[in-house]
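Chemist: give me a model of this one.
(one chain, ligands or ions: 2)
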Amino acid sequence: MNTHLARLHQIAQQPSRRIIGLMSGTSLDGLDVALCRLHGHGTGTRLELEQFATVPYSDDVRRRIRQVFAGGQVSLEYLTLLNPWLGQLHASMITQCLQQWQTAPAEVDLVASHGQTVYHAPAHQHQHPDFAGLNATLQLGDGDHVAMGTGIITLSDFRQKHIAGGGEGAPLAAYGDYLLLSSPQEERLLLNLGGIANFTYLPRASQDASTAFSTDTGPGNTLLDATVRQHHSELAYDEDGRLAAAGQVHEGLLRELLAHPFFAAPLPKTTGPELFGPAYLRQVQVRSNTTQLSLEDTLATLTELSAVGVARAARQVFGVQPALAVYASGGGAHNPALQAALRRQLPACTFSTTEALGVLPDAKEAILFALLANEAVAGQPVSIGAGRQRVPAVSMGKISFPG
Ligand SMILES: Nc1ncnc2c1ncn2[C@@H]1O[C@H](COP(=O)(O)OP(=O)(O)OP(=O)(O)O)[C@@H](O)[C@H]1O
Ligand SMILES: CC(=O)N[C@H]1[C@@H]2OC[C@@H](O2)[C@@H](O)[C@@H]1O[C@H](C)C(=O)O
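Modeler: Ligands and ions are numbered 1, 2, ... in the order given. Just a heads-up that it's a prediction; the model follows:
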């Protein structure tokens with residue numbers, strides 16, 4: 001037997017595995033690296049986060065990714081070059097973290113690498129006549145380069161199997177949230193506020209997975225970040241929502257922003273910065289005569305938009321006054337203006353962060369990929385959401401050997 005296969009076989013049989021989960025999302029702030037110890041699998045999984053770091057992307061890394069990111073027209077040569085380059089970059093970032101954590105690569109069983117989404121094209125969004133009805137998504141940073149660069153067996157490219165199983169390739173959060181965070185005592189909404197906002201609904205009974213699902217709800221931080229950058233190129237985001245808090249929501253602009261059919265489309269659904277990017281904002285600003293609105297008022301309105309997107313999606317499932325325990329994660333959990341808007345929009349919900357459940361809010365998405373890799377190697381296809389379409393029961397991730 002191939003020695004790598006034999007090693008994988010042995011890893012699958014261990015009572016626990018040490019897995020590095022990686023996520024680099026739509027905000028392009030850096031690579032999230034979560035070193036996890038996973039005991040067991042399936043609903044019996046127990047996870048300890050041993051180490052976590054966000055290795056920041058330099059301006060040059062961001063510039064390179066933006067050459068192709070969410071763009072309709074790209075250089076094929078650039079795209080091709082970016083794929084191994086990102087894999088090598090992520091491998092070097094893992095190696096750097098392991099050195100800091102004084103952990104040898106041989107002490108880690110697996111890497112679970114999300115890669116960098118450069119284009120997300122669910123059928124409802126692209127409407128390309130040649131590919132009607134086809135869901136597609138593309139993540140770069142090839143797993144072979146991560147495996148060879150770290151010396152660790154790597155699982156990568158998780159989203160294609162989800163599409164092959166009938167999904168949109170996202171959000172995958174439901175799988176991890178279900179395994180780790182469902183509770184027999186409480187009906188929960190796990191709200192991730194990244195570049196795009198999404199939530200997972202977890203019904204009360206921890207073993208009843210049939211109604212669990214996750215969905216994107218619209219923009220999280222993406223339009224906020226882009227708007228801040230347009231006015232202040234030195235700023236990455238509106239720190240602590242201070243600029244937004246100094247502004248007023250412009251009802252006309254908000255109405256026009258919400259007129260996009262995405263907000264009324266049935267759940268679950270996915271989206272990305274391909275739709276919710278500067279071009280969409282610009283068109284709406286022109287239509288609503290708000291191109292001259294102050295930065296503060298624009299940010300206050302965009303903050304409200306993110307919150308209304310979440311609230312509308314919640315109402316689609318739970319009726320006019322959802323009363324759920326909401327646990328936030330992602331960068332937007334650090335934004336008090338966004339949190340205040342969410343409380344206004346969902347007054348009967350209680351709000352806290354996933355920290356209250358023992359999961360570091362910034363690490364949650366990286367942890368998700370460690371959980372998915374654990375299931376692919378040692379578990380069974382995760383079966384949730386039987387009551388809803390597009391939550392396929394599949395094992396996700398392609399396996400790359402380090403040699
Ligand atoms: N202190 C803060 N105040 C306001 N906003 C913040 C703060 N900290 C982080 N953010 C926001 O969070 C963003 C980063 O969020 P996160 O890392 O969750 O995004 P991501 O993982 O790239 O997104 P996605 O989940 O869509 O892939 C920043 O760009 C910023 O908008
Ligand atoms: C295609 C893609 O990369 N989608 C991301 C993105 O970031 C947030 C939201 O949009 C979510 O759908 C997804 O990531 C998380 C990890 C998910 O799949 O659950």
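
Chemist: dump the C-alpha coordinates for stretch 285-298 into PDB.
Modeler: Extracted in PDB, the C-alpha atoms of stretch 285-298 (Å, rounded to 0.1, in the frame of the first residue of the first chain):
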ATOM      1  CA  GLN A 285     -26.800  55.400  -5.500                       C
ATOM      2  CA  VAL A 286     -27.400  56.900  -8.900                       C
ATOM      3  CA  ARG A 287     -31.000  55.600  -9.000                       C
ATOM      4  CA  SER A 288     -31.800  57.000  -5.500                       C
ATOM      5  CA  ASN A 289     -30.000  60.300  -6.100                       C
ATOM      6  CA  THR A 290     -27.600  59.600  -3.200                       C
ATOM      7  CA  THR A 291     -24.200  59.800  -4.800                       C
ATOM      8  CA  GLN A 292     -23.500  63.000  -2.700                       C
ATOM      9  CA  LEU A 293     -24.600  61.500   0.600                       C
ATOM     10  CA  SER A 294     -22.000  61.800   3.400                       C
ATOM     11  CA  LEU A 295     -19.700  58.900   4.100                       C
ATOM     12  CA  GLU A 296     -21.200  58.600   7.600                       C
ATOM     13  CA  ASP A 297     -24.800  58.400   6.300                       C
ATOM     14  CA  THR A 298     -23.800  56.000   3.500                       C
END
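
Chemist: my read is that Q248 contacts L299, right?
Modeler: No. Q248 lies out of contact with L299 (C-beta atoms under 8 Å); the separation is 10.5 Å. For the C-beta atoms, the positions are set from N, CA and C on the backbone; glycine is no exception.

Chemist: out of the two, which sits in the busier spot?
Modeler: Remark: of Q248 and L299, L299 carries more neighbours, 25 against 12, as counted by other C-beta atoms under 10 Å.

Chemist: list the buried residues of the helix or strand containing that one.
Modeler: For L299, the host element (DSSP states H and E) is helix 295-318. By 16 or more other C-beta atoms under 10 Å, the buried positions in helix 295-318 come out as 295-311, 313-314, 316-318.

Chemist: this protein - how does it break down into domains?
Modeler: 3-172+371-382+394-400, 182-357 (automatic domain parsing).

Chemist: in CSV: these, plus distance to A363 and mean pLDDT.
Modeler: Output for those, formatted as CSV (distance: least, C-beta to C-beta, whole Å; pLDDT from 0 to 100):
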stretch, distance to A363, mean pLDDT
domain 3-172+371-382+394-400, 4, 97
domain 182-357, 8, 96
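
Chemist: out of those domains, nearest to E365?
Modeler: domain 3-172+371-382+394-400 (4.2 Å; C-beta to C-beta).

Chemist: could you list the contact residues of this protein toward ligand 1?
Modeler: 25-27, 29, 192, 194-196, 220-221, 224-225, 236-241, 330-332, 334-335, 365 (C-beta under 6 Å from any ligand atom).

Chemist: in ChimeraX, select just the buried ones from those.
Modeler: Buried residues within these, by 16+ other C-beta under 10 Å, are selected in ChimeraX with:
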select :25,26,27,29,192,194,195,196,220,221,224,225,237,238,241,330,331,332,334,335,365
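
Chemist: in strands, which of the residues of the chain next to ligand 1 appear?
Modeler: Among the residues of the chain next to ligand 1, the members found in strands (DSSP state E) are N192, I196.

Chemist: mind listing which of the residues of the chain next to ligand 1 are in helices?
Modeler: Counting by DSSP state H, the residues of the chain next to ligand 1 place L224, D225, E365 in helices.

Chemist: from ligand 2, how far off is the second one?
Modeler: Think D225. Look at D225 and ligand 2: by C-beta to the nearest ligand atom, to the nearest Å, they are 13 Å apart.

Chemist: Q51: helix or strand, and which one exactly?
Modeler: Going by DSSP H and E, Q51 is in strand 46-56.

Chemist: so who does the residue in the stretch 201-350 of the chain that ligand 1 sits nearest to touch?
Modeler: Closest to ligand 1 within the stretch 201-350 of the chain is G331: 1.7 Å, counting by C-beta to the nearest ligand atom. By C-beta atoms under 8 Å, 6 or more residues apart in numbering, G331 lies in contact with S27, D29, L193, G194, G220, N221, Y237, D362.

Chemist: give me the beta-bridge partners of the third one?
Modeler: By that I understand L193. Following DSSP bridges, L193 is listed with bridge partners A197.

Chemist: can you give me the helices in the stretch 1-150 of the chain?
Modeler: Per DSSP state H, counting those that start in this stretch, the stretch 1-150 of the chain carries helices over the ranges 3-13, 59-66, 76-100, 123-126, 143-150.

Chemist: out of those helices, flag the one nearest G167.
Modeler: So among the helices of the stretch 1-150 of the chain, helix 123-126 is nearest, using C-beta to C-beta, at 11.2 Å.

Chemist: in the closest one, which residues are buried?
Modeler: H124, Q125, H126.

Chemist: ok, of those, which one's closest to ligand 1?
Modeler: The closest of the buried residues of helix 123-126, once distances to ligand 1 are taken by C-beta to the nearest ligand atom, is Q125, at 15.3 Å.
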